[in-house]
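**Student:** no sequence for this one, just the structure:
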């Protein structure tokens, strides 16, 4: 076993990327660079807006700030590697480099799942328990919910990466991917991967499905409450506070479930292998870029803060 681990650690994997066609590589480089700049600038701007506007110092925006931090780190752990591998002829990455990227992405992915669930509970408390909202969503609870989400993400990532660490790779070390994604490693291994696949399903059930279940239950109560509101203006106002979160959650879970909650056998079809490369683009680059836009466009306080800051700069 020790000899196998030492052999695994000495591996250097080759990230094959999205394409070997030169003009397509240029197009992919430009697209990913634009998305990365938009992701970093959009999420940083949202964090700054929340920090400078006291009206936004609420539980919802505390969770949203954590979501922006996750999106920045998520994108920064993946996109720069994609950009370098698009330009450089040497696309190799060390075992430790791959494991580090996998650990970071799995930690952030699991934490993001849980933060979405926490945000759904926050909306439930705000709409269904408005008189007790400040008591329910106090600072201590908000802190513990966020700290718990990060802790679960770290523990899950440690378990998944440790199991991947023990996989055996016999033949080609060419990773048909542009990042060190767990399903790609399971598919590439020539040993028994049943434990790894089981751990992925258990993790998906505990973190992904439980978070999703909590979101669904929260929104069943929220929608039931909204429908009981007599005033159409009141219904619209209540629903608008949830629309951004619902949009982001739908995008995120639609992509993440299609990636992790389906079999990843070594005999997957060409279509399935290509899907394993395309789907992660959505939740590692596209969604982190869209999150601040979706929340900013639908929130009047955020828009007012941006407008006021712009006016101050114009006058100065």
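**Tutor:** Received, thanks. The structure displayed is predicted, hence computed values, not measured ones.
**Student:** and residue 61, how close does it get to residue 114?
**Tutor:** Using CB to CB, to the nearest Å, we find residue 61 at a distance of 17 Å from residue 114. For glycine as for every other residue, the C-beta is placed from the backbone atoms N, C-alpha and C.
**Student:** which residue would you name as the spatial centre of this structure?
**Tutor:** For the chain, the residue nearest the mean C-alpha position is residue 109 (4.4 Å; CA atoms, centre = their mean).
**Student:** just how off-centre is the one helix or strand residue 153 maps to within its chain?
**Tutor:** Using DSSP states H and E, the element containing residue 153 is helix 139-165. Centre-to-centre, helix 139-165 and its host chain are 14 Å apart (CA atoms, centre = their mean, to the nearest Å).
**Student:** partner strands of whichever helix or strand comes after it, with direction?
**Tutor:** Downstream of helix 139-165, the first helix or strand assigned by DSSP H and E is strand 174-175. If you go by DSSP bridges, strand 174-175 pairs up with strand 12-15 (parallel).
**Student:** got a list of contacts for the strand it pairs with?
**Tutor:** With contact meaning CB atoms under 8 Å, 6 or more residues apart in numbering, strand 12-15 is reached by 81, 85, 91-95, 98, 173-175, 177-180.
**Student:** let's see that with 7 Å instead.
**Tutor:** Contact partners of strand 12-15, identified using CB atoms under 7 Å, 6 or more residues apart in numbering, comprise 85, 91, 92, 93, 94, 98, 173, 174, 175, 177, 178.
**Student:** buried subset of those as a PyMOL selection?
**Tutor:** What follows is the PyMOL syntax selecting those of the contacts of strand 12-15 that are buried according to 16 or more other CB atoms under 10 Å:
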select buried, resi 85+91+93+98+175+177+178
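**Student:** kindly reformat the contacts of strand 12-15 as TSV containing pLDDT and secondary structure.
**Tutor:** Listed next are the contacts of strand 12-15 as TSV, based on pLDDT from 0 to 100; DSSP: H, G, I helix; E, B strand; the rest coil:
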residue	pLDDT	secondary structure
85	77	helix
91	71	coil
92	75	strand
93	77	strand
94	79	strand
98	82	helix
173	71	coil
174	73	strand
175	72	strand
177	71	coil
178	72	coil
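**Student:** which one of the contacts of strand 12-15 is nearest residue 77?
**Tutor:** residue 98 (11.7 Å; CB to CB).
**Student:** what is the neighbour count of the residue nearest to that closest one when sequence neighbours are not counted?
**Tutor:** Closest residue in space to residue 98, ignoring its immediate chain neighbours: residue 180 at 3.9 Å, by CB to CB, 6 or more residues apart in numbering. Neighbourhood size, residue 180 [other CB atoms under 10 Å]: 27.
**Student:** which SS class is residue 180?
**Tutor:** State at residue 180, reduced to three classes by DSSP: H, G, I helix; E, B strand; the rest coil: coil.
**Student:** how close does it sit to residue 219?
**Tutor:** Residue 180 is 34 Å from residue 219, by CB to CB.
**Student:** before we move on, what about residue 170?
**Tutor:** According to CB to CB, residue 170 stands 47 Å off from residue 219.
**Student:** when these two are compared, which one has more neighbours?
**Tutor:** Shown here are residue 170 and residue 219; by other CB under 10 Å, residue 219 has more neighbours (19 against 9).
**Student:** and the residue nearest to the more buried one when sequence neighbours are not counted, what element?
**Tutor:** Leaving aside its chain neighbours, residue 219 sits nearest to residue 120 (6.5 Å; criterion: CB to CB, 6+ apart). Assigned by DSSP H and E, residue 120 falls within helix 95-128.
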